[in-house]
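Peer 1: Predicted model and sequence below, questions to follow.
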Amino acid sequence: MPEINLPVILLAALMNTASPGPANLTIAGTAMHDGRRQALALAAGVLTGSMVWSTLAALGFSALMLTNAWLATGMRYFGACYLLYLAFRSARSAVENNTVRAATGPAMALHLLYLKGLALHLTNPKAILFFASLFAIAVPPGMPPQTLAVVIGAIAFQSAGIFIGYAFLFSSPVAVKVYIRLKRWFEATFALMFGAAAIKILTAKV
(Lines give C-alpha, C1' and ligand atoms only; values in the text may rest on other atoms or scores of the structure.)
Protein backbone atom coordinates (compact mmCIF):
# COMPACT_ATOMS: atom_id res chain seq x y z
CA MET A 1 0.00 0.00 0.00
CA PRO A 2 2.37 2.75 -1.16
CA GLU A 3 -0.32 5.44 -0.87
CA ILE A 4 -1.00 4.59 2.79
CA ASN A 5 1.45 5.21 5.63
CA LEU A 6 0.02 2.57 7.95
CA PRO A 7 2.58 3.00 10.78
CA VAL A 8 1.73 6.70 11.06
CA ILE A 9 -2.00 5.92 11.06
CA LEU A 10 -1.54 3.30 13.78
CA LEU A 11 0.60 5.67 15.85
CA ALA A 12 -2.12 8.33 15.71
CA ALA A 13 -4.75 5.73 16.60
CA LEU A 14 -2.59 4.45 19.47
CA MET A 15 -2.24 7.91 20.99
CA ASN A 16 -5.99 8.48 20.69
CA THR A 17 -7.07 5.06 21.98
CA ALA A 18 -4.59 4.58 24.82
CA SER A 19 -4.99 8.06 26.32
CA PRO A 20 -7.28 8.26 29.38
CA GLY A 21 -10.83 8.98 28.33
CA PRO A 22 -14.42 7.98 29.12
CA ALA A 23 -14.07 4.54 27.52
CA ASN A 24 -10.81 3.58 29.22
CA LEU A 25 -11.95 4.99 32.56
CA THR A 26 -15.16 2.96 32.39
CA ILE A 27 -13.28 -0.22 31.47
CA ALA A 28 -10.82 0.32 34.33
CA GLY A 29 -13.56 1.07 36.85
CA THR A 30 -15.62 -1.94 35.78
CA ALA A 31 -12.56 -4.20 35.97
CA MET A 32 -11.71 -3.10 39.52
CA HIS A 33 -15.28 -3.13 40.81
CA ASP A 34 -16.89 -6.06 38.99
CA GLY A 35 -14.11 -8.19 37.58
CA ARG A 36 -12.41 -9.19 34.34
CA ARG A 37 -15.34 -10.82 32.52
CA GLN A 38 -17.50 -7.77 33.02
CA ALA A 39 -14.71 -5.43 31.90
CA LEU A 40 -14.07 -7.55 28.79
CA ALA A 41 -17.78 -7.45 27.88
CA LEU A 42 -17.77 -3.67 28.19
CA ALA A 43 -14.50 -3.45 26.24
CA ALA A 44 -16.08 -5.49 23.45
CA GLY A 45 -18.86 -2.92 23.20
CA VAL A 46 -16.36 -0.06 23.10
CA LEU A 47 -14.38 -1.85 20.40
CA THR A 48 -17.54 -2.38 18.35
CA GLY A 49 -18.34 1.31 18.61
CA SER A 50 -14.81 2.15 17.50
CA MET A 51 -15.13 -0.15 14.48
CA VAL A 52 -18.49 1.39 13.58
CA TRP A 53 -17.04 4.91 13.49
CA SER A 54 -13.92 3.70 11.68
CA THR A 55 -16.00 1.99 9.01
CA LEU A 56 -18.38 4.93 8.62
CA ALA A 57 -15.45 7.32 8.33
CA ALA A 58 -13.88 5.15 5.63
CA LEU A 59 -17.19 5.23 3.74
CA GLY A 60 -17.53 8.98 4.16
CA PHE A 61 -20.53 8.99 6.50
CA SER A 62 -18.69 10.65 9.40
CA ALA A 63 -17.70 13.54 7.15
CA LEU A 64 -21.34 13.80 6.09
CA MET A 65 -22.37 14.01 9.74
CA LEU A 66 -19.82 16.70 10.45
CA THR A 67 -21.12 18.80 7.56
CA ASN A 68 -24.67 18.63 8.93
CA ALA A 69 -24.70 20.80 12.02
CA TRP A 70 -27.89 19.39 13.52
CA LEU A 71 -26.57 15.81 13.45
CA ALA A 72 -23.23 16.76 14.99
CA THR A 73 -24.89 18.97 17.60
CA GLY A 74 -27.41 16.29 18.57
CA MET A 75 -24.69 13.66 18.98
CA ARG A 76 -22.59 16.13 20.91
CA TYR A 77 -25.28 16.92 23.48
CA PHE A 78 -26.36 13.31 23.78
CA GLY A 79 -22.79 12.24 24.48
CA ALA A 80 -22.31 15.02 27.03
CA CYS A 81 -25.51 14.02 28.86
CA TYR A 82 -24.36 10.40 28.97
CA LEU A 83 -21.03 11.45 30.48
CA LEU A 84 -22.84 13.57 33.06
CA TYR A 85 -24.91 10.51 33.94
CA LEU A 86 -21.72 8.49 34.45
CA ALA A 87 -20.31 11.32 36.56
CA PHE A 88 -23.44 11.30 38.72
CA ARG A 89 -23.24 7.54 39.25
CA SER A 90 -19.57 7.72 40.19
CA ALA A 91 -20.20 10.61 42.57
CA ARG A 92 -23.06 8.75 44.23
CA SER A 93 -20.88 5.67 44.60
CA ALA A 94 -18.15 7.81 46.16
CA VAL A 95 -20.42 9.19 48.88
CA GLU A 96 -22.25 5.96 49.67
CA ASN A 97 -20.93 4.15 52.71
CA ASN A 98 -21.18 0.67 51.27
CA THR A 99 -18.72 -2.19 51.21
CA VAL A 100 -17.10 -3.25 47.98
CA ARG A 101 -16.97 -6.87 46.99
CA ALA A 102 -13.84 -8.17 45.31
CA ALA A 103 -15.32 -9.10 41.93
CA THR A 104 -17.50 -11.99 43.06
CA GLY A 105 -20.17 -11.63 40.38
CA PRO A 106 -21.59 -9.35 37.73
CA ALA A 107 -23.20 -6.10 38.81
CA MET A 108 -24.80 -6.02 35.37
CA ALA A 109 -25.52 -8.70 32.79
CA LEU A 110 -22.74 -9.16 30.27
CA HIS A 111 -24.90 -8.23 27.29
CA LEU A 112 -25.96 -5.04 29.06
CA LEU A 113 -22.34 -4.17 29.73
CA TYR A 114 -21.61 -4.73 26.05
CA LEU A 115 -24.44 -2.37 25.11
CA LYS A 116 -23.17 0.15 27.67
CA GLY A 117 -19.73 0.14 26.06
CA LEU A 118 -21.26 0.43 22.61
CA ALA A 119 -23.44 3.38 23.64
CA LEU A 120 -20.50 5.04 25.36
CA HIS A 121 -18.37 5.02 22.20
CA LEU A 122 -21.12 5.70 19.69
CA THR A 123 -21.98 8.90 21.56
CA ASN A 124 -18.36 9.95 22.03
CA PRO A 125 -17.70 13.05 19.85
CA LYS A 126 -13.97 12.43 20.30
CA ALA A 127 -14.27 9.19 18.34
CA ILE A 128 -16.32 10.83 15.59
CA LEU A 129 -13.88 13.69 15.14
CA PHE A 130 -10.80 11.46 15.35
CA PHE A 131 -11.85 8.92 12.74
CA ALA A 132 -13.29 11.56 10.41
CA SER A 133 -10.03 13.52 10.59
CA LEU A 134 -7.86 10.42 10.30
CA PHE A 135 -9.47 9.12 7.13
CA ALA A 136 -9.79 12.60 5.63
CA ILE A 137 -6.10 13.42 6.14
CA ALA A 138 -4.20 10.11 6.10
CA VAL A 139 -6.22 8.12 3.57
CA PRO A 140 -6.37 9.56 0.03
CA PRO A 141 -9.75 9.45 -1.69
CA GLY A 142 -10.46 6.67 -4.12
CA MET A 143 -8.71 3.93 -2.17
CA PRO A 144 -9.91 0.41 -3.10
CA PRO A 145 -12.12 -1.42 -0.58
CA GLN A 146 -9.39 -3.92 0.30
CA THR A 147 -7.04 -1.10 1.30
CA LEU A 148 -9.70 0.48 3.52
CA ALA A 149 -10.39 -2.95 5.03
CA VAL A 150 -6.71 -3.35 5.93
CA VAL A 151 -6.66 0.07 7.65
CA ILE A 152 -9.90 -0.60 9.54
CA GLY A 153 -8.73 -4.08 10.56
CA ALA A 154 -5.31 -2.87 11.72
CA ILE A 155 -6.84 -0.12 13.85
CA ALA A 156 -9.40 -2.55 15.29
CA PHE A 157 -6.69 -5.11 16.15
CA GLN A 158 -4.58 -2.47 17.90
CA SER A 159 -7.60 -1.03 19.74
CA ALA A 160 -8.64 -4.50 20.91
CA GLY A 161 -5.22 -4.98 22.47
CA ILE A 162 -5.48 -1.67 24.31
CA PHE A 163 -9.02 -2.18 25.62
CA ILE A 164 -8.33 -5.79 26.63
CA GLY A 165 -5.11 -4.64 28.27
CA TYR A 166 -7.04 -2.16 30.40
CA ALA A 167 -9.47 -4.90 31.41
CA PHE A 168 -6.69 -7.31 32.41
CA LEU A 169 -4.48 -4.71 34.08
CA PHE A 170 -7.15 -3.21 36.32
CA SER A 171 -8.75 -6.56 37.19
CA SER A 172 -5.51 -7.89 38.68
CA PRO A 173 -5.64 -8.81 42.39
CA VAL A 174 -3.37 -5.89 43.24
CA ALA A 175 -5.60 -3.40 41.41
CA VAL A 176 -8.74 -4.83 43.04
CA LYS A 177 -7.20 -4.58 46.53
CA VAL A 178 -6.15 -0.99 45.88
CA TYR A 179 -9.63 -0.16 44.60
CA ILE A 180 -11.32 -1.69 47.64
CA ARG A 181 -9.05 0.32 49.92
CA LEU A 182 -9.42 3.59 48.01
CA LYS A 183 -12.88 3.11 46.53
CA ARG A 184 -14.19 6.57 47.37
CA TRP A 185 -11.14 8.30 45.95
CA PHE A 186 -11.34 6.30 42.72
CA GLU A 187 -15.04 7.00 42.27
CA ALA A 188 -14.58 10.69 43.07
CA THR A 189 -11.80 10.88 40.47
CA PHE A 190 -13.98 9.15 37.89
CA ALA A 191 -16.82 11.56 38.65
CA LEU A 192 -14.56 14.59 38.18
CA MET A 193 -13.07 13.28 34.93
CA PHE A 194 -16.43 12.30 33.44
CA GLY A 195 -17.84 15.69 34.43
CA ALA A 196 -14.84 17.52 33.01
CA ALA A 197 -15.15 15.59 29.73
CA ALA A 198 -18.86 16.48 29.50
CA ILE A 199 -18.18 20.16 30.15
CA LYS A 200 -15.39 20.18 27.58
CA ILE A 201 -17.72 18.67 24.97
CA LEU A 202 -20.43 21.21 25.74
CA THR A 203 -18.14 24.23 25.65
CA ALA A 204 -15.80 23.24 22.82
CA LYS A 205 -16.11 24.98 19.49
CA VAL A 206 -16.32 22.34 16.77
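Peer 2: Cool, the structure landed. Residues are numbered from 1 along each chain as shown.
Peer 1: what's near enough to touch the one residue sitting closest to the centre of the chain?
Peer 2: Nearest residue to the geometric centre of the chain (Cα atoms, centre = their mean): Ala23, 2.9 Å. Residues counted as contacts of Ala23 (Cβ atoms under 8 Å, 6 or more residues apart in numbering) are Val46, Gly117, Leu120, His121, Asn124, Phe163. All C-beta atoms are positioned from the backbone trio N, CA, C, and that covers glycine.
Peer 1: Max pairwise distance over those residues: which two?
Peer 2: For the contacts of Ala23, the farthest-apart pair by Cβ to Cβ is Asn124 and Phe163; their separation is 13.3 Å.
Peer 1: before we move on, back to that, can you give me the distance of the residue nearest to the centre of the chain to Ala197?
Peer 2: Counting by Cβ to Cβ, to the nearest Å, the separation of Ala23 from Ala197 is 11 Å.
Peer 1: same check, this time on Ser93
Peer 2: 17 Å.
Peer 1: in the protein, which segments are predicted with low confidence?
Peer 2: Judged by pLDDT under 70, the chain has its weakly predicted residues at 1-3, 62-73, 75-76, 79, 82, 97-107, 201, 204-206.
Peer 1: quick one: the helices in it?
Peer 2: Taking DSSP state H as the criterion, the chain carries its helices at 6-18, 22-34, 36-59, 61-67, 69-95, 110-122, 125-138, 145-170, 173-181, 183-203.
Peer 1: Pick the most deeply packed of these.
Peer 2: With neighbours defined as mean count of other Cβ atoms under 10 Å, the helices of the chain peak in mean count at helix 22-34, which reaches a mean of 24.
Peer 1: ok and that helix relative to helix 173-181, angle-wise?
Peer 2: Direction vectors for helix 22-34 and helix 173-181, defined by axes from the mean of the first three to the mean of the last three Cα atoms, to 10 degrees, enclose an angle of 80 degrees.
Peer 1: which phi and psi does Gly35 have?
Peer 2: phi 120, psi 180 (degrees, to the nearest 10).
Peer 1: Please apply the same query to Gly142.
Peer 2: Its backbone dihedrals place Gly142 at phi 80, psi 10, with angles given as degrees, to the nearest 10.
Peer 1: ok, it to Ala175 distance?
Peer 2: Noted for Gly142: a distance of 47 Å to Ala175, by Cβ to Cβ.
Peer 1: repeat for Leu11
Peer 2: Distance check for Leu11 against Ala175: by Cβ to Cβ, it reads 27 Å.
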